[in-house]
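Undergrad: Just need the structure, nothing else, for what follows:
(2 chains)
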Amino acid sequence: MSTETHSLPPVNKSLPPEADRIGLILLAAGVVLVIAAFVFEPVRASFDAVILYLFMVSLAVGALFLLALEYITGAVWSVPMRRVTEFFAGLSPFLLILVLPLFLHIHDLFHWSHAEAVQQDPVLQGKAAYLNIPFFVTRTLVFIGIWIAFAALFVRHSTHQDITKDAALTRSNVRLAAVFFPLFAFTITFTAIDWGMSLEPHWFSTIYGVYYFSGTVIAALAAVTLVVVLFHERGYLPGLRRDHFYSLGALLFGFVNFWAYIAFAQFLLIWYANLPEETYWFIARWENGWQIVSVLLIVMKFAVPYIVLLPQEAKMDTRRLKIMAVWLLAAHFVDLFWLVMPTHSESLSLSWTELGFPLVAVGMTVLLLSWKTKRYNLVPVGDPKLQRAMDFHL
Amino acid sequence: MEKHLYGLTALFDTPDAVVHAAEETVKAGYTRYDVHAPYPLHGIERTMRLKTSPLGYFALVFGLLGAISAVGLMTWITLVDYPLVIGGKPFWSWPAFVPVAFELTVLLASVLTVVSMIVIYFKFPNNSHPLHDTPFMKRVSSDGFGISIEAADPLFDEAKVHAMLASLGGKEVGAVYFDEADRDHGQKVFDLKFIGVLAGVGIAVAGFAYLALNVLLYLPPFDWMMVQNKLKPQAASTLFRDGIGMRQPVLGTVARGFLPYAFKGKPEEAGKSLANPLPVTQKVLDLGREKYLTFCSPCHGNFGRGDSRLNGQFPNPPTLHSDKVREWSDGSIYHVITEGQNVMPSYAAQVSRDERWAIVHYIRVLQRAQHAKESDLR
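TA: As a prediction, the model looks like this:
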């Protein structure tokens, strides 16, 4: 800590051209593999695409959540890294592209979409008012529309402020955040129910939406942390201090615990009540090799990050934060795989079709970041809280 | 009384200023000094070059203690002391232990860490300190940031320290004195007086808890409903010569509605002498049907076919549609309901006299339904 105030960092730096190249190669390779997967194994590929969609929703909408959180709480520390969060929120329009192949494969994915199956099934008949294709498609599109609209408004106000330096724009974003939170709660919960839980339409868990939300925040925080650390190491985000990184690390640590709490709460109640219509979901994930993934998930998403992030120094050490960020992003992918894939294959199996989808995710993100850095300042220079944020100490 | 110099204090307006002053104090080589602020200044421990507090290890040990005692207690209860099958689960169902273990871990780690911090590091109950009750302490507990350098520091020189604090921008630089009585007396937790107070508080709390839970809680607010001038069943009485509260009926009398059954153990006579006193009306048949379905059908079946609903847990009675039962008089059926027969017990206690006769009518209806006459079909 010192008394000197930090000078505002240089602005308008864009990523080196290699970023574009790497992003493009990854995306192209991913797209080729994904198309091949859809051609040769369309059903398996559809399930992989659900995982990709839920993963990208986690990044885009999770970032949107972090953005709204900064405004609604009046947080100061996160202002210098807000642009990175905004870049991730900029992923939301691409969700429209990602969801398109899923709409074409609705019958491969969802048991409830088959009229003849519903006809013989009183449970599905009872749920038919909610689980039907027109309503399903409409609400998915409405949700994506809400996300796109809020991302666009938040980012427009924020980037406009770079030029006008108008504090009123911060206030309008605060109001926007207040409107966004209830909508966020609804959209993220029903997205989890629609694309995750309704894959097994007989099964239900009231905490499912919160479970997906907890993973979503971990993924978005990890992605933001990773990019902030990478930018910081390469000099794009100077002036960040251990206090800033500590805050990121502590949030990440907190949400790792939150996820474990929610995941265990979901398990404990179903285990305790022991009702056959609920337990089969966990039994399916504890048989035929899936128990490996279940244990891996506990280790990856809770045990290891808990131990690594527990010491105070770990949350300030950019190297450890960077490794944990990549680790947790992978853990979230495993989590979604564990949620979605047992519906498709009763016994654990890995297929080459899985390869393309993470490549698309990484490639898309790298390209988007590179493109956004060309267009926007890397630091919200017009934010009235910026100077305080640069001087931030715990 | 003799006054001793404790040290010099200075106030600063901002946390940054006091942190800067601390940096300079460290550079100057002072070791016995302290920084005071109304809220935690994160990172000050690095500026002051303090060693990491071992308090974290206390939390670890107490947390583990909590976890181990919770799991140990529940293991002992469920495996050794009182094994119970709950919901068909194994005796040692660890997922059920997790919330309890988690809570006890948090409870012991937080409470005992704070207690040991207060007792070991703050030397509770010794709360005398030269800085207490000084204007300086009042300021740094509300809006000021301060630094104090002790006279006990080997480099301490009053003039030099005063000059340094002033040059760093310190305001209200001044000396703090203390009485001999205020001298730090060290750890006092085993002081007889403190232990006495602690024990006194403990006894008072326990005594009040006993009083509240065992005495006050059982004081009846009024007793004129509980205590009445009457005798309860089975209670003794001083009024009667034999000392018994409950009385026998007077010899040669019968209570209303309690007419004794005249054909006890005489089925033949009952069959000959008894006639159904009830008329065959819709109301009577409805009553008979209701009572039959409640009391008779579990064994005899809903239609009297002897097809019990009890899945062989009881021996099935013979059908009521046999020639034998159809040719019985109403009185014979009434007698069987009243006294029982073979495995069938008496139903006199469950079904009143009129209800029994209504059941007899209903059994006749069932029998007629199975053996309809030509005339019924027309």
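Undergrad: host element of the residue nearest to the spatial centre of chain A?
TA: By C-alpha atoms, centre = their mean, chain A has its centre lying nearest to A:Ser58, at 1.8 Å. Take DSSP states H and E as the rule and A:Ser58 turns out to sit in helix A:42-73.
Undergrad: got it, and B:Ile147?
TA: Taking DSSP H and E as the criterion, B:Ile147 maps to strand B:145-150.
Undergrad: which residues are contacting whichever helix or strand comes after that strand?
TA: Next in sequence after strand B:145-150, counting helices and strands by DSSP H and E, comes helix B:158-167. Helix B:158-167 has contacts (C-beta atoms under 8 Å, 6 or more residues apart in numbering or on different chains) with B:5, B:7-8, B:10, B:21, B:24-25, B:28, B:30, B:147, B:149, B:151, B:173, B:175. In short, each C-beta sits where N, CA and C put it, glycine included.
Undergrad: same thing but at 10 Å, please
TA: With C-beta atoms under 10 Å, 6 or more residues apart in numbering or on different chains as the test, helix B:158-167 has contacts from B:5, B:7-12, B:21, B:24-25, B:28, B:30, B:33, B:147-151, B:153, B:155, B:157, B:170-175.
Undergrad: For burial, what's the neighbour tally of the closest residue to chain A within the stretch 151-300 of chain B?
TA: Residue nearest to chain A within the stretch 151-300 of chain B: B:Gly169 (10.1 Å; C-beta to the nearest C-beta). By other C-beta atoms under 10 Å in any protein chain shown, 15 other residues sit near B:Gly169.
Undergrad: Contact partners for the residue nearest to the centre of chain A?
TA: So A:Ser58 contacts A:65, A:91, A:188, A:191, A:212-213, A:215-220, A:222-223, A:329, A:332-333, A:335-336 (C-beta under 10 Å, 6+ apart).
Undergrad: Looking at these, which are in strands?
TA: Nothing among these maps onto strands, per DSSP state E.
Undergrad: picking up where we left off before, so which of the contacts of helix B:158-167 belong to strands?
TA: Using DSSP E, B:5, B:7-12, B:33, B:147-150, B:171-175 are the members of these that sit in strands.
Undergrad: Now a ChimeraX select for only the buried ones of these.
TA: Provided next is the ChimeraX selection string for whichever of these are buried by 16 or more other C-beta atoms under 10 Å in any protein chain shown:
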select /B:7,8,9,10,11,12,33,147,148,149,150,173
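Undergrad: thinking again about what came up before, in helices, which of the contacts of A:Ser58 appear?
TA: In this view, those that belong to helices under DSSP state H are A:65, A:188, A:191, A:212-213, A:215-220, A:222-223, A:329, A:332-333, A:335-336.
Undergrad: Would you agree B:Ile86 falls within a helix?
TA: No. Under DSSP: H, G, I helix; E, B strand; the rest coil, B:Ile86 sits outside any helix and is assigned coil.
Undergrad: Distance check, it against A:Thr279.
TA: Distance, B:Ile86 to A:Thr279, by C-beta to C-beta, to the nearest Å: 16 Å.
Undergrad: Give me the three-state assignment for whichever residue of the stretch 51-200 of chain A sits closest to chain B.
TA: Residue of the stretch 51-200 of chain A nearest chain B, by C-beta to the nearest C-beta: A:Trp77 (11.7 Å). Using three-state DSSP, the structure places A:Trp77 in coil.
Undergrad: helix or strand for the nearest residue to A:Val210 once chain neighbours are set aside, which one?
TA: Using C-beta to C-beta, 6 or more residues apart in numbering or on different chains and skipping the chain neighbours, the partner closest in space to A:Val210 is A:Ile262 (5.4 Å). Assigning secondary structure by DSSP H and E places A:Ile262 in helix A:242-273.
Undergrad: Could I get the pLDDT score of B:Ser322?
TA: Note on B:Ser322: pLDDT of 87.
Undergrad: how close does it sit to B:Phe97?
TA: For B:Ser322 relative to B:Phe97 (C-beta to C-beta), the value is 62 Å.
Undergrad: of these two, who's got more company?
TA: Each of B:Ser322 and B:Phe97 has its neighbours counted (other C-beta under 10 Å); B:Phe97 has more, 18 against 12.
Undergrad: Wasn't the more buried one part of a helix?
TA: Yes. Assessed with three-state DSSP, B:Phe97 lies in a helix.
Undergrad: so where does the residue lying closest to it once chain neighbours are set aside fall, helix or strand?
TA: Once flanking residues are discounted, B:Phe97 sits nearest to B:Met74: 4.9 Å by C-beta to C-beta, 6+ apart. In this assignment (DSSP H and E), B:Met74 forms part of helix B:55-75.
Undergrad: re earlier: helices and strands around the following helix or strand past the helix holding A:Ile262, which ones?
TA: Moving toward the C-terminus from helix A:242-273, the next helix or strand (DSSP H and E) is helix A:276-284. Other elements packing on helix A:276-284 under the criterion 3 or more C-beta pairs under 10 Å, 6 or more residues apart in numbering or on different chains; DSSP states H and E are helix A:242-273, helix A:290-298, helix A:318-344.
Undergrad: B:Val360 is nearest to which of these?
TA: Among these, the nearest to B:Val360 by C-beta to C-beta is helix A:242-273 (49.7 Å).
Undergrad: Now do the closest one against helix A:290-298, angle only.
TA: With axes from the mean of the first three to the mean of the last three C-alpha atoms, to 10 degrees defining the directions, helix A:242-273 sits at 140 degrees from helix A:290-298.
Undergrad: surely A:Ala75 meets A:Ala389?
TA: Yes. Assessed by C-beta atoms under 10 Å, A:Ala75 is found in contact with A:Ala389 at 8.8 Å.
Undergrad: What mean pLDDT does stretch A:265-273 get?
TA: In this model, stretch A:265-273 carries a mean pLDDT of 93.
Undergrad: oh sorry, the question was meant for stretch A:208-222
TA: Stretch A:208-222 comes out at a mean pLDDT of 95.
Undergrad: Next: stretch B:112-126.
TA: 88.
Undergrad: ok, now stretch A:60-74?
TA: 94.
Undergrad: what comes up buried for it?
TA: Neighbour counts over stretch A:60-74 (16+ other C-beta under 10 Å) mark A:60-72 as buried.
Undergrad: tell me the two of those residues that are most distant?
TA: Maximum distance among the buried residues of stretch A:60-74 (C-beta to C-beta): 18.7 Å, for A:Ala60 and A:Ile72.
Undergrad: How about the contacts made by the spatially most central residue of chain B?
TA: Chain B has B:Val100 as the residue nearest its centroid, 14.0 Å off, counting by C-alpha atoms, centre = their mean. Applying C-beta under 10 Å, 6+ apart to B:Val100 gives the contacts B:66-67, B:70-71, B:73-74.
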